[in-house]
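[1] mind looking at a prediction? Sequence and model below.
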Amino acid sequence: MMRVAFVSTVYGYAFSGADSLWVRAAELAVARGDAVLIAATPAVTAHPRLHALIQKGARGFSSQVPDIPNTTIDRFRRKLEYVSAGSESLVSALHEFCPDRVIFSCGGTYDLVREGRVLGFLRTQRIPYRVIANWQTEKPFLSPIDLGRARACFQDADRLFFVSHRNLEITRRHLGLPLRHAELIQVPIRIPRAGGAPWPELSVPTFAAIGRLEPVKAFDILLSALAKSPGTTEAWYLNIYGEGAGQGEIQHQADALGIADRVRFHGFVSNLDEIWKDNHCLISASRDEGLPTVMIEALMYARPVIATRVGAATEWIAEDETGFTCEPESVDALSKAIDRAWKVRSRWRTMGADAHRRAVAKYLPDDALRLIEPAFAVY
């Protein structure tokens with residue numbers, strides 16, 4: 001039996017795709033008889049899967065969302081002490097639990113630059129730790145101080161897990177380190193019935209866009225590209241599934257572009273069957289990504305995907321065969337990708353069936369087990 005602590009630094013969101021990876025590993029650890037400590041925010045621990053783990057004996061620790069330093073003294077202290085809110089209480093919880101290993105699930109690749117006290121404790125106690133990098137920006141930036149901290153944090157880690165090869169290569173270049181102890185890992189997804197989902201019997205081509213209504217998802221670029229693409233002369237619809245503060249601005253833009261009658265908002269929809277019975281194709285204009293589970297789920301549901309080349313998009317999409325990709329942050333590039341897809345829309349159903357077959361062959365349902373196992377493969 002091992003003693004494994006899982007620490008999530010994904011703040012500000014309820015249970016998400018990033019959480020599904022470490023939670024699956026925690027479930028596997030509990031199932032094999034390990035002692036488990038879970039440190040996450042109340043928004044995450046409120047999820048039924050976390051409740052089930054605690055009922056089975058896992059310990060819970062409520063993490064605090066870190067404050068952003070807003071005074072000169074706060075910023076100076078941040079630079080000197082390398083701490084976040086709740087560091088001391090997390091150190092106490094780890095000290096009491098006495099783990100054999102700690103697994104950090106980081107919302108951003110460099111989240112641990114603010115966890116100096118926690119990493120210092122692990123170093124002095126000689127407790128190995130592993131890092132899951134769930135997301136990396138296309139153009140990362142760190143101050144010289146934080147860059148040094150990130151290098152030390154990654155070099156000291158027992159193992160590093162990245163959800164996309166692109167994210168890993170960006171991090172290697174940015175840190176100037178080979179990171180030979182890094183490996184790729186897949187995020188668990190919701191798998192549909194065999195063969196995907198039935199093809200929608202809709203006469204008008206319909207796109208789905210799924211995600212939080214935030215700037216990083218680039219709905220502004222998506223709407224502009226759609227308005228410019230097969231354009232205003234042929235019928236199409238865009239169904240948006242997600243919530244966020246940006247909905248009002250997205251609606252305003254759709255109205256200004258003259259496509260408001262084609263754009264429909266559905267809020268958050270958890271049932272994927274409900275989404276894919278009404279949509280022919282997924283479209284994503286994200287500026288940055290890790291491994292967007294909605295993309296893999298769309299492929300599994302036998303739908304082609306149009307996406308920007310961020311995160312793991314090109315690792316899962318076969319160009320012109322199961323989808324279409326383009327460079328991010330460009331209305332013109334996305335518009336051209338949509339045009340390429342539009343010209344072969346008679347093949348979308350066949351492309352979707354191929355996408356399903358390839359995704360099923362590539363997907364590893366219990367890849368999360370590698371988080372708690374010793375052996376690893378280098379990429």
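    Looks like it arrived, so ask away.
[2] where does the stretch 1-150 of the chain dip in pLDDT?
    Counting by pLDDT under 70, the stretch 1-150 of the chain contains low-confidence residues at 12, 65-86.
[3] can you pull out the strands in it?
    Using DSSP state E, counting those that start in this stretch, the strands found in the stretch 1-150 of the chain span residues 3-8, 35-40, 59-62, 101-106, 129-133, 135-136.
[4] mind putting those into CSV with mean neighbour count and distance to residue 309?
    Heads up, the C-betas are built off the backbone N, CA and C, glycines and all. Formatted as CSV, the strands of the stretch 1-150 of the chain follow (neighbours: other Cβ atoms under 10 Å; distance: least, Cβ to Cβ, whole Å):
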stretch, mean neighbour count, distance to residue 309
strand 3-8, 24, 28
strand 35-40, 23, 31
strand 59-62, 16, 38
strand 101-106, 24, 23
strand 129-133, 24, 18
strand 135-136, 25, 14
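[5] tabulate those strands in JSON lines, adding columns for distance to residue 268.
    Formatted as JSON lines, the strands of the stretch 1-150 of the chain follow (distance: least, Cβ to Cβ, whole Å):
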{"stretch": "strand 3-8", "distance to residue 268": "20"}
{"stretch": "strand 35-40", "distance to residue 268": "20"}
{"stretch": "strand 59-62", "distance to residue 268": "24"}
{"stretch": "strand 101-106", "distance to residue 268": "22"}
{"stretch": "strand 129-133", "distance to residue 268": "24"}
{"stretch": "strand 135-136", "distance to residue 268": "20"}
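[6] the stretch 201-350 of the chain: helices as residue ranges?
    219-228, 247-256, 272-276, 293-300, 313-316, 331-343, 348-362 (DSSP state H, counting those that start in this stretch).
[7] by contact count, what packs against the longest one?
    Put plainly, it is helix 348-362. If you count contacts as 3 or more Cβ pairs under 8 Å, 6 or more residues apart in numbering; DSSP states H and E, helix 348-362 packs onto helix 293-300.
[8] from the contact counts, what lies against the helix it packs on?
    helix 17-31, strand 206-210, strand 281-284, strand 305-308, helix 313-316, helix 348-362.
[9] which of those sits closest to residue 256?
    Residue 256 lies closest to strand 206-210 among the helices and strands packed on helix 293-300, at 18.0 Å (Cβ to Cβ).
[10] domain-wise, how is the chain divided?
    Following automatic domain parsing, one finds the domains of the chain at 3-189+365-372, 206-362.
[11] quick one, which of those domains is nearest to residue 195?
    Residue 195 lies closest to domain 206-362 among those, at 6.6 Å (Cβ to Cβ).
[12] now do the same end-to-end measure for the closest one.
    End-to-end distance for domain 206-362: 27 Å, by Cα to Cα, to the nearest Å.
[13] centre of the chain to that domain, how far?
    Mean C-alpha position of domain 206-362 versus that of the full chain (Cα atoms, centre = their mean, to the nearest Å) differs by 16 Å.
[14] also stretch 31-48?
    The gap between where stretch 31-48 is centred and where its chain is centred comes out at 19 Å by Cα atoms, centre = their mean.
[15] what's the end-to-end length of that stretch?
    End-to-end distance of stretch 31-48: 17 Å, with Cα to Cα as the criterion.
[16] now do the buried residues in stretch 329-337.
    329, 330, 331, 333, 334, 335, 336, 337 (16 or more other Cβ atoms under 10 Å).
[17] right, and residue 23 touches residue 48 too?
    No - taking Cβ atoms under 8 Å as the definition, residue 23 is not a contact partner of residue 48, at 10.7 Å.
[18] which one of these two has more residues nearby?
    Neighbours per residue (other Cβ atoms under 10 Å) separate residue 23 from residue 48, with residue 23 holding more: 24 against 8.
[19] how far away is the more buried one from residue 53?
    Distance of residue 23 to residue 53, computed by Cβ to Cβ, to the nearest Å: 8 Å.
[20] now swap in residue 224 and tell me
    Using Cβ to Cβ, one obtains 44 Å as the distance from residue 224 to residue 53.
[21] give me the more crowded residue out of these two.
    Legend: neighbour count by other Cβ under 10 Å for residue 224 and residue 53, higher for residue 53 (22 against 19).
[22] if I pick that one, what's in contact with it?
    By Cβ atoms under 8 Å, 6 or more residues apart in numbering, residue 53 lies in contact with 23, 26, 27, 30, 36, 38.
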